[in-house]
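Visitor: Predicted structure and sequence below. I'll ask about it afterward.
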Protein chains: 2
Amino acid sequence: MRILVVDDEEKIRHVIREYAEFEGYKVSEAKDGMEAISKCKEEDFDIIIMDIMMPKLDGFSAIKEIRKTKNTPVLMLSARGEEYDKLFGFEIGIDDYVVKPFSPKEVMARINAILSRSNKKEEESPTEGKYVYKGLEVDMLARNVYVDGVKKELTPKEFELLQYLIINKNIALSREKILNEVWGYDFFGEDRTVDTHVKMLRNSIGRYRDNIITVRGMGYKFEE
Amino acid sequence: MRILVVDDEEKIRHVIREYAEFEGYKVSEAKDGMEAISKCKEEDFDIIIMDIMMPKLDGFSAIKEIRKTKNTPVLMLSARGEEYDKLFGFEIGIDDYVVKPFSPKEVMARINAILSRSNKKEEESPTEGKYVYKGLEVDMLARNVYVDGVKKELTPKEFELLQYLIINKNIALSREKILNEVWGYDFFGEDRTVDTHVKMLRNSIGRYRDNIITVRGMGYKFEE
DNA sequence: CATATTTCTCACTAAATTATCACAATATTG
DNA sequence: CAATATTGTGATAATTTAGTGAGAAATATG
């Protein structure tokens, strides 16, 4: 089950993500209406959680646009009072709405309610559990890395980079994509930064350094 | 599974009873807050369905009173608009709510959702019994902590934090997640508060302080 | 309702991490 | 092979993060 959370506040997105992931949903985020539309073009979601007031493009307009091609259920978020009346008069179908500040439990209950109407089943994401390749062991939950039985202390970025490479093992990843996924869309630095972190990561994983392959002209990949 | 339906309208109570009994629940009724309180003293319910506006004692106050001794999940009923704002600002956890007029099916779906969630949680968390690691003994029921045989007096938060870390041992927990689970979703304070409590907890558990590992850029974990 | 305890925030410090740069090394191309 | 493009890497400055003591605020206790 995939959820798209659209809100300009990082904290809101995060809290919904936390709860939704706990219940086994796969969560994507967008920080405004424009981003929501493009994410919906890339991927099919089972439900969209959408704030009304956002920079660039507001929630109503975004839904209007998305609904031209898809019929994804929508749960609206709104600040107290804000647009309250419009919501009910809105000509496009909203499946439910919640007023901020909300309790995450409530939102989850509503998400579950909407989704149970159109039920499906989901898969396990490889982000959890342990990845083991020869003497390289990466515990995604505990955030531990062992090389031939020896625990290695990785910095947060090193770990997240390794995690991302492993999740996408055997796939060549551009620096840009790596920056977007590991650093976040709000990072506006050099793409050579990736190189430096790959260097450090390689140093941290000893003889498995060679499993991080340089893809010339593009970026890197982890190869088994 | 026992349900308590609290509403001053006989018709409402009746329709919920019909549906709930059909699904195998045992249903009790109360027609106002006072009656609800006394019924809860007599018997333990698995869930309470409670209207807000009622004669004698309203739903909020009744829940407040009941929650002093029990932690029964609550599904609130409310007329549209009525007390809407209060519901969200309500300091006592409501598990869900439904706006009248409602469809009985929807109410049943929500009841089932709440109950399956609360059952799950009990199974997953070994909150009962004792946790022993070397000379560290944590009695979850008695809320006692012994370090090498010496009893340590922890503050409530210290204990709950330790308990949560132990229940999730070997899992890296973000500050945010810790706040959500230990402090509750209605806590909107600093996430550095966790740090301070970790500091105090570490001081309280003597040589086992090192088992509470700092996960840089993320939070903490308890490691055996 | 005064006192004690607990909880939370803040400010400061020390330490770790990160990003960038410059240059070296290596690969690619004509 | 020389010229060019691309990646590797050491050094370092800037930034971020966690530990902590002090004290305010909230809560519990008698």
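Guide: It's in. Numbers count the residues shown, from 1 in each chain, chains lettered A, B, ... in the order given.

Visitor: Backbone dihedrals for A:Ile213, both of them.
Guide: Backbone geometry at A:Ile213, expressed as degrees, to the nearest 10, gives phi -90, psi 140.

Visitor: neighbours around it, how many?
Guide: Counted with other Cβ atoms under 10 Å in any protein chain shown, the burial measure for A:Ile213 works out to 14 neighbours. All C-beta spots, glycine's among them, are computed from the backbone N, C-alpha and C.

Visitor: so it makes contact with A:Phe222?
Guide: Yes - using Cβ atoms under 8 Å, A:Ile213 and A:Phe222 qualify as a contacting pair, with a distance of 7.4 Å.

Visitor: Okay, now the unreliable bits of chain A?
Guide: Chain A contains residues with pLDDT under 70 at A:55, A:79-97, A:99-103, A:116-129.

Visitor: Repeat the analysis, applying 50 as the threshold.
Guide: Along chain A, the model assigns pLDDT under 50 to residues A:80-90, A:119-126.

Visitor: how about the residues of chain A that lie near DNA strand C?
Guide: Counting by Cβ under 7 Å from any atom of the strand, chain A comes close to DNA strand C at A:153, A:155-158, A:183, A:187, A:189-190, A:192-193, A:196-197, A:200, A:216.

Visitor: Just the buried ones from these?
Guide: Buried residues within the residues of chain A next to DNA strand C, defined by neighbour count using 16 or more other Cβ atoms under 10 Å in any protein chain shown: A:Lys157, A:Glu158, A:Trp183, A:His197.

Visitor: what two of those are the furthest from one another?
Guide: Across those, no pair lies farther apart than A:Glu158 and A:Trp183, at 12.8 Å, counting by Cβ to Cβ.

Visitor: Tell me which residue in chain A sits closest to DNA strand D.
Guide: A:Thr214 (3.6 Å; Cβ to the nearest atom of the strand).

Visitor: Count the neighbours of A:Ser38 for me.
Guide: Here the count is done by other Cβ under 10 Å, and A:Ser38 has 11 residues near it.

Visitor: A helix includes it, no?
Guide: Yes - under DSSP: H, G, I helix; E, B strand; the rest coil, A:Ser38 falls within a helix.

Visitor: got a list of what it touches?
Guide: Neighbour list for A:Ser38: empty [criterion: Cβ atoms under 8 Å, 6 or more residues apart in numbering or on different chains].

Visitor: separation between it and A:Asp32?
Guide: According to Cβ to Cβ, to the nearest Å, A:Ser38 stands 10 Å off from A:Asp32.

Visitor: do A:Leu57 as well
Guide: Taken as Cβ to Cβ, the spacing of A:Leu57 relative to A:Asp32 amounts to 6 Å.

Visitor: What of A:Gly184?
Guide: Distance of A:Gly184 to A:Asp32, computed by Cβ to Cβ: 15 Å.

Visitor: And stretch A:203-222, end to end?
Guide: Terminal residues of stretch A:203-222 are spaced 15 Å apart (Cα to Cα, to the nearest Å).

Visitor: got the buried residues for that stretch?
Guide: In terms of neighbour count (16+ other Cβ under 10 Å), stretch A:203-222 has its buried residues at A:Ser204, A:Ile205, A:Tyr208, A:Asn211, A:Ile212, A:Gly219, A:Tyr220, A:Lys221, A:Phe222.

Visitor: doesn't A:Asn168 make contact with the last one?
Guide: Yes - here A:Phe222 reaches A:Asn168: they are 7.4 Å apart, a contact under Cβ under 8 Å.

Visitor: Can you pull up the most central residue in chain A?
Guide: For chain A, the residue lying nearest the average C-alpha position, counting by Cα atoms, centre = their mean, turns out to be A:Ser28 (3.9 Å).

Visitor: element containing that one, please.
Guide: Secondary structure from DSSP states H and E places A:Ser28 in strand A:26-30.

Visitor: export that strand as CSV, just CAs?
Guide: Provided in CSV are the C-alpha atoms of strand A:26-30 (Å, rounded to 0.1, in the frame of the first residue of the first chain):
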residue,chain,number,x,y,z
LYS,A,26,5.1,2.7,1.9
VAL,A,27,5.2,6.5,2.2
SER,A,28,6.2,9.1,-0.4
GLU,A,29,6.2,12.8,0.3
ALA,A,30,5.6,16.0,-1.6
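
Visitor: residues in contact with that strand?
Guide: A:1-6, A:13, A:16-17, A:20-21, A:36, A:39, A:43, A:45, A:122, A:125.

Visitor: got a list of what the closest residue to chain B within chain A touches?
Guide: In chain A, the residue found nearest to chain B is A:Pro156; the distance is 3.1 Å by Cβ to the nearest Cβ. Taking Cβ under 8 Å, 6+ apart, we find A:Pro156 in contact with B:Arg216, B:Gly217, B:Met218.
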